[in-house]
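Peer 1: Could you look at this predicted model? Sequence included:
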Amino acid sequence: MSYQVETASFINDLERVAKVRSQVASSLSQIAKTLESSEIEADKESGRLGLDREVEDLSIASDNLAKGVFRLMVLGDMKRGKSTLLNALLGENLLPSDVNPCTALLTVLRYGPEKKVTVYFNDGKSPEQIDFKSFKRRYTIDPGEAKRLEEEKKEAFPDIDYAVVEYPLALLEKGVEIVDSPGLNDTEARNELSLGYINNCHAILFVLKATQPCTLAERRYLENYLRNRGLTVFFLINAWDQVRESLIDPDDEEELDEAEYKLRRVFKANLAEYCQVEGYDIYNERVFEISALKALRQRVKNPNASLKGTGFPEFIGSLNTFLTKERAIAEFRQVRTLARQAESRVRESIDRRIPLLDENVNQLKERISSVQPEFDKLNEIRDRFQEEIRRMRDKKAKGIADSFHTYVLNAGNTFETDFLRYQPSLGFMDFLSAGKREAFENALTQAFEQYIYDKLSAWSVGAEQEMNAAFAQLSQSAIQYGADYAKVTDKIAEKLTGQKVQPISTGSQEDNSPAWAKWAMGLFSLARGNIAGVAMAGAGFDWKNILLNLITVIGVGSIITAVTGIVLGPVGLALLGLGVGVLQADQARKELVKATKKELMKYLPKVADEQRQNIYDAIKECFDSYEKEVSDRINDDIDSRKAELSNLLAQKEEGEINRDAELERLKKLEMNVSEASTVIEKVYQDFIASVA
């Protein structure tokens, strides 16, 4: 199958998703505007229904959906062909690919009607717009220079935060945004920055090279930044065509088969664990052998060329399935939940309002007074849930902070074994020679930095799992509290209207829960991704974004600086008089580890004690943010129910309400909201059927 057909299919599917997004966003906006207009009009009629929260949520969701994109992040070490891959994917030689581009520069590619590059600085300087030629020339460095900067622990462009490349390409126009990250050999701080972006991307494209299978740096990154974090990763093994070129006899098919077989075994041994979803092996849907340069050359010569044999059709097909089916369905399911929720709230409010239109002022006051005990019960439910969240907060904050304290103190017990994989090569052990001291110190600092980051990253995975379990438990509690809350609100409706409320079952218990409980269960989120300067907005909650970088919270930089500053002196003394022969080198290794461990053990208790409070505060903030949003939503619901009654009472006290006209207005409101919600339901069901 030709690449053009695969690309056309991908673009068409993206276009279909974009159209559904637009339709659903329009319907959500229509519901929000209908409610807002109705509330304003109600000031002259029977009073507002208290639908401010619904208007806000629908408006935010509509805005987010209209601007929605599928965000991909490209990761990979230097010289893996990341830019070549992107150029082939985009269908144009857009990014510099002859040398390693923008080593320390994170670049966001998004659609724009005009070609332009905007560079954003981190020193307060205003963003700068430059042309593509200047961008390629100014922010591209030679691999040798990149390697030198890496060894010296320097950034190529320390004053730059990121760059945004806008380009009128079909793939970008149809809702794909690509984040091109610095190489894995960049600083650990940059790796942590990338982790922050990873949390807000839909999928990771991890580029490896067939002729350099799974280097130490790549295995480190996979283990410390991607493992057990619930991320969707596509592994692209680039330059697969070079396997043949590396053979003694490129025409020997048997030798080629053997070489490819061995390579596939190596890659599967290293990547298989990252291709498991709920116990299912999806290795063949996530790992692809590609030839990006071959594909790009063909596309540059002929945009309609078939790229069969480059691995791109298979990769694009799998990416297409994931984005335009799996991810899109999950996205639209949340939107449908919001629409259903708004329709239900409007219907319930109108059902309460209509019987009360016939009540006089005194009768209405009596009914309002009669439901005060039920409102007290709603407050009690809120308080119970609030207290449970706080208990969970205190338990997890203390437990995770204590686990960090214990983990750090125990690090010294395994240091000699753990540090073996990090210590500088003994080629640097002749650092006593003139000019070699600085190189050795830089190598040791880098090794220790990697060791510290890896240890803390391993601990943070466990902390994330603890947090996941905690919020999963709170989600289950939200179901029960929501059920209790719904029983009380039904009682309020019965006492106000004198009519028995018939439970409306729309499926699961979650579907029948009040709006605040759905949010607390995670059935929908209104958060926007924190990508390229776009701050978190809306009322969504994502504890991983709040606790975006626990290692940064811990303050790794200060740990590394303090320990390496203390260690280097004793290490130098320990190595004095040693030569560089085999026996002396082995002794040097032992002395290096011994001296480093000695100084590390002195500092670990201080780190453990000082950072325990930082960890505690960071965990506490996650639960406090969750509690605040839950409490605010419950309070808004209670207040809106009270306001609904007080607004009606105020209108009745001012004068007679035209019952027939108001009945017609309310029924029209219910019909308009129902029609818009039905449109969303139909669009959703049609989309499900189209991708089945």
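Peer 2: Okay, I see it.

Peer 1: how about the helices in the stretch 251-400 of the chain?
Peer 2: 253-271, 283-286, 292-301, 312-321, 328-356, 361-370, 372-411 (DSSP state H, counting those that start in this stretch).

Peer 1: which other residues reach stretch 643-661?
Peer 2: 42, 45-50, 349, 352-353, 356-361, 364-365, 368, 496 (C-beta atoms under 8 Å, 6 or more residues apart in numbering). Where you see a C-beta, it was placed from the backbone N, CA and C, and this is true even at glycine.

Peer 1: can you give me the mean pLDDT across it?
Peer 2: Stretch 643-661 shows a mean pLDDT of 92 in the predicted model.

Peer 1: Just the buried residues of it, please?
Peer 2: 643, 644, 645, 647, 648, 649, 651, 652, 657 (16 or more other C-beta atoms under 10 Å).

Peer 1: Return the member of these nearest to residue 180.
Peer 2: residue 643 (49.8 Å; C-beta to C-beta).

Peer 1: From the chain's centroid, how far away is the helix or strand hosting the closest one?
Peer 2: Assigned by DSSP states H and E, residue 643 belongs to helix 582-654. Relative to its parent chain, helix 582-654 has a centroid offset of 17 Å by C-alpha atoms, centre = their mean, to the nearest Å.

Peer 1: rewinding a little: of the contacts of stretch 643-661, keep whichever come out buried.
Peer 2: 42, 45-50, 349, 352-353, 356-357, 359, 364, 368, 496.

Peer 1: before we move on, back to that, kindly calculate the angle that the helix holding residue 643 makes with helix 361-370.
Peer 2: Orientation of helix 582-654 against helix 361-370 (axes from the mean of the first three to the mean of the last three C-alpha atoms, to 10 degrees) gives an angle of 150 degrees.

Peer 1: ranges for the strands of the stretch 101-250 of the chain?
Peer 2: For the stretch 101-250 of the chain, applying DSSP state E, counting those that start in this stretch gives strands covering 106-111, 116-121, 128-130, 160-167, 176-180, 203-209, 233-238.

Peer 1: other SSEs contacting the shortest one?
Peer 2: Applying 3 or more C-beta pairs under 8 Å, 6 or more residues apart in numbering; DSSP states H and E, we find strand 128-130 packed against strand 116-121.

Peer 1: what angle sits between the strand it packs on and strand 106-111?
Peer 2: Taking the same axes, to 10 degrees, one finds strand 116-121 and strand 106-111 inclined to each other by 150 degrees.

Peer 1: Quick check: chain neighbours aside, which residue is closest to residue 36?
Peer 2: residue 55 (5.1 Å; C-beta to C-beta, 6 or more residues apart in numbering).

Peer 1: Can you give me the neighbour number for the one you found?
Peer 2: 19 (other C-beta atoms under 10 Å).

Peer 1: Report the secondary structure element holding it.
Peer 2: Assessed by DSSP H and E, residue 55 sits inside helix 52-66.

Peer 1: tilt between that helix and helix 582-654?
Peer 2: Using the same axes, to 10 degrees: helix 52-66 against helix 582-654 is 130 degrees.

Peer 1: buried residues in helix 52-66?
Peer 2: For helix 52-66, by 16+ other C-beta under 10 Å, it's 52-65.

Peer 1: Quick check: mean pLDDT of the next helix or strand after it?
Peer 2: Once the chain leaves helix 52-66, the next helix or strand it forms, by DSSP H and E, is strand 70-76. Strand 70-76 shows a mean pLDDT of 90.

Peer 1: ditto for stretch 92-101
Peer 2: The model assigns stretch 92-101 a mean pLDDT of 58.

Peer 1: so where is this structure shaky, pLDDT-wise?
Peer 2: 1-6, 94-104, 141-155, 183-196, 424-438, 440-441, 502-511, 526-589, 592 (pLDDT under 70).

Peer 1: quick one, which of the strands of the stretch 101-250 of the chain is nearest to residue 78?
Peer 2: Per C-beta to C-beta, nearest to residue 78 of the strands of the stretch 101-250 of the chain: strand 203-209, 10.2 Å.

Peer 1: of all the buried residues of helix 52-66, which comes closest to residue 476?
Peer 2: residue 57 (22.9 Å).

Peer 1: any idea how far that closest one lies from residue 67?
Peer 2: Residue 57 sits 16 Å away from residue 67, going by C-beta to C-beta, to the nearest Å.
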